[in-house]
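>>> Have a look at this fold, sequence not included:
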């Protein structure tokens, strides 16, 4: 029998025999029970380490009804907004002895349902979830999460179908309002908006912030200045081409996210438009590439790592059966070279 097999066969009774104590004493010492002397815990712990003892986590989870597993469901790791959120949650999970199971929904409802059912069957202790937003008021798998009492933290704004859960989010309305106000303060009166998907709560919130800033500054809300920007660089490029075809009076464009802004800016630059001299453009999210695009992008800096830490803090409270409150954060305007004073000749 090889050494690895011998290591895997080490049991509590082997350690107890070597230490000259009972199996119960060994079990309590390795669980850090308060009624075992610190010196005994140290001696047994060192002995268990030398003997190569590995605890049976499956058996432990059955005894205490914990798996030390947490699910994390996001649209995709290619979405740069989630990179630092995942880093924060992963680090917190490691620090607290949890293993993270990462899944990608690809923003597909059926795929998300399959993933959540799999996580339920694996008896995870909790789930971090960036929802696939839809128009339905109820979604069966979300109802099952609630019925089973599985600690669930929504990462993003709440919609009707997930309104019963605790969430952590950057306030898109307030953050987008600040960006529109920045453009208005630069003298822009005709500001176009490249909007996200109509069913996305995030996109809707950001567009509402843009609209509110126009109203509060006495500027007209012009539907002809709102374009379907999608969420990707390609969709941003297509929106920019449509914008150029319409020949609007807009001197600035605010976009639903940085990827859309980068795609749009590339098209404008390729058509000879100088940014920001002829047209200002602003994003949302402060992804890594926003600082390094052809004209460094003015954007909204989201506290992404802090959001991940806040989500984990909420999860720990839920697992401990404590009250967890929704956590709201406001992004800040990060001014770079893509925005400047309005081109008054165009207005």
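Done, it's in. Since this is a predicted model, take the numbers as computed values, not measurements. Residues are numbered from 1 along each chain as shown.
>>> How many residues are close by the closest residue to residue 225 other than its chain neighbours?
Among residues not flanking residue 225 along the chain, residue 192 sits closest, at 4.3 Å (Cβ to Cβ, 6 or more residues apart in numbering). For every residue, glycine as well, the C-beta is placed using N, CA and C. Per other Cβ atoms under 10 Å, the neighbour tally for residue 192 reads 27.
>>> wait, doesn't residue 192 sit right on residue 249?
No. Using Cβ atoms under 8 Å, residue 192 makes no contact with residue 249, being 9.5 Å away.
>>> element containing the spatially closest residue to residue 172 that is not a sequence neighbour?
Spatial nearest neighbour of residue 172, excluding adjacent residues (Cβ to Cβ, 6+ apart): residue 205 at 3.5 Å. Using DSSP states H and E, residue 205 sits within helix 201-216.
>>> right, and the helix or strand after that helix?
strand 226-228.
>>> what does the helix or strand following that next one contact?
Sequence order places helix 233-246 as the next helix or strand after strand 226-228, per DSSP H and E. Identification of contacts with helix 233-246 by Cβ atoms under 8 Å, 6 or more residues apart in numbering yields 192, 194, 224, 227-230, 250, 253, 255, 259-268, 271.
>>> Tell me which residues of helix 233-246 come out buried.
233, 235-240, 243 (16 or more other Cβ atoms under 10 Å).
>>> Could you dump the residues you listed into a markdown table and include distance to residue 29 and pLDDT?
Below are the buried residues of helix 233-246 laid out as a markdown table (distance: Cβ to Cβ, whole Å; pLDDT from 0 to 100):
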| residue | distance to residue 29 | pLDDT |
| --- | --- | --- |
| 233 | 57 | 95 |
| 235 | 59 | 97 |
| 236 | 60 | 97 |
| 237 | 63 | 98 |
| 238 | 65 | 98 |
| 239 | 64 | 98 |
| 240 | 66 | 98 |
| 243 | 69 | 98 |
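>>> quick check, nearest of those to residue 138?
Using Cβ to Cβ, residue 235 is the member of these that lies nearest residue 138, at 29.7 Å.
>>> Could you measure from residue 270 over to residue 295?
With distances taken as Cβ to Cβ, to the nearest Å, residue 270 is found 12 Å from residue 295.
>>> what residues does stretch 97-104 touch?
Against stretch 97-104 from outside (Cβ under 8 Å, 6+ apart): 68-77, 86, 89-90, 93, 115, 118-119, 122, 124-125.
>>> Quick one: buried ones out of the residues you listed?
The buried subset of these - by 16+ other Cβ under 10 Å - is 69-75, 86, 89-90, 93, 115, 119, 124-125.
>>> where exactly do the strands run in this protein?
69-74, 99-104, 126-129, 152-155, 166-170, 191-195, 226-228, 252-255, 280-282, 299-301, 327-329, 332-334 (DSSP state E).
>>> Just name the most buried of the ones you listed.
strand 252-255 (a mean of 31; mean count of other Cβ atoms under 10 Å).
>>> Give me the distance from that strand to the chain's centre.
24 Å (Cα atoms, centre = their mean, to the nearest Å).
>>> what is the rounded mean pLDDT of it?
In this model, strand 252-255 has a mean pLDDT of 98.
>>> and it, what does it pack onto?
Packing contacts for strand 252-255, counted by 3 or more Cβ pairs under 8 Å, 6 or more residues apart in numbering; DSSP states H and E, involve helix 172-185, strand 191-195, helix 258-270, strand 280-282.
>>> possible to save these as CSV with distance to residue 329?
As requested, the helices and strands packed on strand 252-255 are exported to CSV (distance: least, Cβ to Cβ, whole Å):
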stretch, distance to residue 329
helix 172-185, 9
strand 191-195, 22
helix 258-270, 18
strand 280-282, 19
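>>> Show me the one of those that comes nearest residue 333.
Closest approach to residue 333 among those (Cβ to Cβ): helix 172-185, 5.0 Å.
>>> Count residues in the vicinity of the closest residue in space to residue 96 that isn't next to it in sequence, would you?
The shortest distance from residue 96 to any non-neighbouring residue, by Cβ to Cβ, 6+ apart, is to residue 316 (7.1 Å). Around residue 316 there are 15 other residues, counting by other Cβ under 10 Å.
>>> isn't residue 316 right up against residue 93?
No. Under the criterion of Cβ under 8 Å, residue 316 makes no contact with residue 93, lying 10.4 Å away.
>>> Residue 133: which of the buried residues of helix 233-246 is nearest?
Taking these together and measuring to residue 133 by Cβ to Cβ, the closest member is residue 235, at 16.8 Å.
>>> I'd like to know how far the closest one sits from residue 245.
16 Å.
>>> Not counting stretch 287-305 itself, show me its contacts.
Looking at what lies outside stretch 287-305 - Cβ under 8 Å, 6+ apart - the contacts are 80-85, 87-88, 170, 175-176, 178-179, 182, 258-259, 261-262, 265-266, 269, 275-276, 280-286, 329, 331-339.
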